[in-house]
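Asker: Sharing a model prediction with you, sequence too.
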Amino acid sequence: MNWNTRALATAVALSLVLTLAFAASASALPGRFWGVMPQATPTTEQFQRLKRGGVKSVRLQIGWNAIQPLRNGPIEWDGFDEVMRQTSRTGIEVLPFFTGAPKWAVPEKRIPGGQGLKAPARLPVSGNAARAWRKLLREAVLRYGPRGSFWRQNPDVPKRPVHAWQIWNEPNFRYFVAKPNPGQYGKLVKLSYGIIKRTDPRAQVILAGLFAQPNNCIKLKRPLDPCASDFLEQMYRRTPGVKRRFDGVALHPYTSRYQELEPRIEEVRDVLASRGDARKGLWITEMGWSSGRPEPKRNVFAKGVNGQRNQLKGAFSLLKRKANKWRVKRIYWFSVDDQQDSCNFCNGSGLFEEGFKPKKSWFAYVRFAGGRAK
């Protein structure tokens, strides 16, 4: 073998090793790793485009106040049924999260500093509210779980049952419960786990996505909205036995830039480790930045079109690299679509702008997820 032939063989071998290493790294990510959360329900065509782009899972709200507005009234599943038809036919898995108690179950209370907005005064952990909550969860699992009635009633729909259920949304943030209470949330987790596991023993129960650092929580001695790590620690402390009543922890690590993700995630992992729970997986059930015009003093999440793409690339690269160490199971980008007046960055948080026109961030998402942009 002459020198040129030997060099060529070495180059080919090295290329093969690198290819196999890349493939092994990609395959090491958990299944359904790449997810999104829409603000408005996508159309069938939009779900299909998300699927082609590599989206494996979509996080969707089951708003209790919307589907059971009347005391002792039926739970109205028609709207969620339609979404399940669309996602199942498209091949995307659904992660539902339950939130929003109706006023007949839990009274509303003005949110401190919320400019007149209201939220449930507490979580549904006792009395009639707890009984109604258990019924809601049981009916959901009996409808959409592996043996669900939805699949029998829709034999033409590919069977893609729900295997994981998320309990509430950001319970450490006053906009979802007027007075965050980690002990109360621990009770909600325990009673939710009991009814879900009795109905489907193989189901996974995932904690609500905790807002990593709402309203400068670390700078206040007694914040109205506790930091995610503090809230999680207090949940363990105030709720004996809660460790055995959930299968994964979820985080919403909204930060001004992706470089701040690491300390936010490490704080939560440290709490899990200190409680002997380090083996539990981490679900990033919301994360994102806005393509809106940068306004550093008013909105740290607005980065412009190029900035949004760059934050996504930096965050996804970090999470892929640390996926094994941090036991990251899923990532859900918030959001699919821009929506006006939903939050201070929701009008630019989407991967798509009005008319479902893709942004630069969508093309970056697709490269990570291994899909096709169109």
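Answerer: Thanks, I have it.

Asker: give me every residue that touches the residue sitting nearest the centre point of the chain.
Answerer: Nearest to the geometric centre of the chain sits residue 285, at 1.8 Å (C-alpha atoms, centre = their mean). By C-beta atoms under 8 Å, 6 or more residues apart in numbering, residue 285 lies in contact with 37, 59, 95, 97, 166, 206, 209, 250-252, 330, 332. For glycine as for every other residue, the C-beta is placed from the backbone atoms N, C-alpha and C.

Asker: Same check on residue 179?
Answerer: The contact partners of residue 179, taken as C-beta under 8 Å, 6+ apart, are 109, 121-122.

Asker: where do the strands sit along the protein?
Answerer: 34-37, 57-63, 93-99, 108-110, 118-120, 164-167, 204-211, 248-252, 281-287, 328-334, 352-353, 357-358 (DSSP state E).

Asker: Can I get these in a markdown table including mean pLDDT and distance to residue 78?
Answerer: Below are those laid out as a markdown table (pLDDT from 0 to 100; distance: least, C-beta to C-beta, whole Å):
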| stretch | mean pLDDT | distance to residue 78 |
| --- | --- | --- |
| strand 34-37 | 98 | 22 |
| strand 57-63 | 98 | 13 |
| strand 93-99 | 98 | 15 |
| strand 108-110 | 96 | 25 |
| strand 118-120 | 97 | 24 |
| strand 164-167 | 98 | 20 |
| strand 204-211 | 98 | 25 |
| strand 248-252 | 98 | 28 |
| strand 281-287 | 98 | 25 |
| strand 328-334 | 98 | 25 |
| strand 352-353 | 97 | 26 |
| strand 357-358 | 98 | 30 |
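
Asker: Apart from its neighbours in sequence, what residue is nearest residue 134?
Answerer: Closest residue to residue 134 in three dimensions, ignoring its sequence neighbours and counting by C-beta to C-beta, 6 or more residues apart in numbering: residue 195, at 4.6 Å.

Asker: Against residue 280, how distant is that neighbour?
Answerer: Taking C-beta to C-beta, to the nearest Å as the measure, residue 195 and residue 280 are separated by 21 Å.

Asker: Residue 310 now?
Answerer: Using C-beta to C-beta, residue 310 is found at 31 Å from residue 280.

Asker: next one: residue 179
Answerer: 27 Å.

Asker: what's the answer for residue 117, then?
Answerer: Distance from residue 117 to residue 280, by C-beta to C-beta: 33 Å.

Asker: Tell me the spacing between the closest residue in space to residue 110 that isn't next to it in sequence and residue 177.
Answerer: In space, and not counting its chain neighbours, residue 110 is closest to residue 118: 5.6 Å by C-beta to C-beta, 6+ apart. Distance, residue 118 to residue 177, by C-beta to C-beta: 11 Å.

Asker: And the two? Which one has more around it.
Answerer: More crowded of residue 118 and residue 177, by other C-beta atoms under 10 Å: residue 177, with 27 against 14.

Asker: hey, where'd the helices end up in the stretch 101-250 of the chain?
Answerer: Applying DSSP state H, counting those that start in this stretch to the stretch 101-250 of the chain gives helices spanning 127-144, 149-153, 182-199, 228-238.

Asker: I'd like those as CSV, with mean neighbour count appended.
Answerer: As requested, the helices of the stretch 101-250 of the chain are exported to CSV (neighbours: other C-beta atoms under 10 Å):
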stretch, mean neighbour count
helix 127-144, 18
helix 149-153, 14
helix 182-199, 20
helix 228-238, 22
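
Asker: out of the ones you listed, nearest to residue 350?
Answerer: Counting by C-beta to C-beta, residue 350 lies closest to helix 228-238 out of the helices of the stretch 101-250 of the chain; the figure is 24.3 Å.

Asker: C-alpha coordinates for that closest one, PDB please?
Answerer: Output in PDB follows, covering the C-alpha atoms of helix 228-238 (Å, rounded to 0.1, in the frame of the first residue of the first chain):
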ATOM      1  CA  ALA A 228     -38.000  26.700  41.500                       C
ATOM      2  CA  SER A 229     -35.200  25.200  43.600                       C
ATOM      3  CA  ASP A 230     -36.600  26.600  46.900                       C
ATOM      4  CA  PHE A 231     -40.100  25.600  46.100                       C
ATOM      5  CA  LEU A 232     -39.000  22.100  45.200                       C
ATOM      6  CA  GLU A 233     -37.000  21.800  48.500                       C
ATOM      7  CA  GLN A 234     -39.900  23.000  50.500                       C
ATOM      8  CA  MET A 235     -42.300  20.600  48.800                       C
ATOM      9  CA  TYR A 236     -40.100  17.700  49.900                       C
ATOM     10  CA  ARG A 237     -39.800  19.100  53.400                       C
ATOM     11  CA  ARG A 238     -43.500  19.700  53.900                       C
END
